[in-house]
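S.K.: need coordinates for the following:
(one chain, ligands or ions: 1)
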Amino acid sequence: MDYVISPPPQVSVPVVGLDARFPVHRVYCVGRNYADHVAEMGGDPRSEPPVFFSKPASALVTDGEAVRYPQATSDLHHEVELVVALASGGRDLTLAEAAACVYGYGVGIDFTRRDLQSIAKKHGRPWDTAKGFDQSAPLSALTPKANFAPSTDTPICLTVNDELRQSALLGQMIWSVAEIIEQLSRLFELKAGDIIYTGTPAGVAAVAKGDKLCGEIAGLNALNFDII
Ligand code: MN
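M.R.: Numbering: from 1, shown residues only. Below is the predicted model of the structure:
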């Protein structure tokens, strides 16, 4: 095939223990999935179904790669999240079918330009500029599901310059991974290569140039990088 310009590169993520990488198709995110974070943002956790939004696959940043402080914000917030990668997909999946789609898991940060999001929320506008900007989706190497399963007592945390900012258990998620995939499949025909950021616990806050971030979920490779 000839193209009139050079085609964009295939975005991919390393896989723990393998030379082969996971090719990324689309990036979906869940907007509110921990009761304490919903409360800190002024919402009621059980009143509504999950809010989904997306980021371009090109927003992904792999472990160790520095993130340049983005344009158009003075309030860049971290949101540490369990990320699930799909090996298969489908539409209108059952819960069992949804669970069977999982390839593996990673630790991600859903960077948010909170100032732009506040303006968007106030005016009922889309979140794209607040969420889907360049380098807004750092992600650790993925661990295949044979070697990791999220459980209710699995810790998730984020430190900034070795200071603890977010700390929770995956059991505090309002919707499980399978429920998220099931519900997302009612909106989109999911495909192999899709990845989903599953929402953040409380403790979101601003980061600055020079900060060193470390996202961790017990049993997964950590995510470490600097803001420059
Ligand atoms: Mn998030």
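S.K.: what is the neighbour count of the residue in the chain that the ion sits nearest to?
M.R.: With Cβ to the ion as the measure, the residue in the chain that lies nearest the ion is D110; the distance is 3.5 Å. In this view, the C-beta of every residue, glycine as well, is placed from N, C-alpha and C. Using other Cβ atoms under 10 Å, the number of residues around D110 comes to 26.
S.K.: show me what contacts V204?
M.R.: Shown in contact with V204 (Cβ atoms under 8 Å, 6 or more residues apart in numbering): 37, 40, 77-79, 112, 114, 166.
S.K.: of these, list those near the ion.
M.R.: The subset of the contacts of V204 within reach of the ion, counting by Cβ under 5 Å from the ion, consists of E79.
S.K.: in helices, which of the contacts of V204 fall?
M.R.: Using DSSP state H to define helices, the subset of the contacts of V204 located there is 37, 40, 114.
S.K.: okay, these in JSON lines with neighbour count next?
M.R.: Listed next are those as JSON lines, based on neighbours: other Cβ atoms under 10 Å:
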{"residue": "H37", "neighbour count": "23"}
{"residue": "E40", "neighbour count": "13"}
{"residue": "R114", "neighbour count": "19"}
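S.K.: ok, so of those residues, who is nearest P138?
M.R.: Within the ones in helices among the contacts of V204, proximity to P138 (Cβ to Cβ) peaks at R114, which comes in at 16.8 Å.
S.K.: can you verify my assumption that P50 contacts I180?
M.R.: Yes: under the criterion of Cβ atoms under 8 Å, P50 makes contact with I180 at 6.4 Å.
S.K.: which positions in stretch 166-176 come out as buried?
M.R.: Buried residues in stretch 166-176, counting neighbours by 16 or more other Cβ atoms under 10 Å, are found at 166, 168-170, 172-176.
S.K.: how many neighbouring residues does G219 have?
M.R.: 14.
S.K.: report the contact partners of the residue of the chain closest to the ion.
M.R.: With Cβ under 8 Å, 6+ apart as the criterion, the residues that contact D110 are 29, 55, 79, 81, 131, 136-137, 197, 200.
S.K.: which two of the residues you listed have the greatest separation?
M.R.: Looking at the contacts of D110 by Cβ to Cβ, the two members farthest from one another are K55 and T200, with 14.1 Å of separation.
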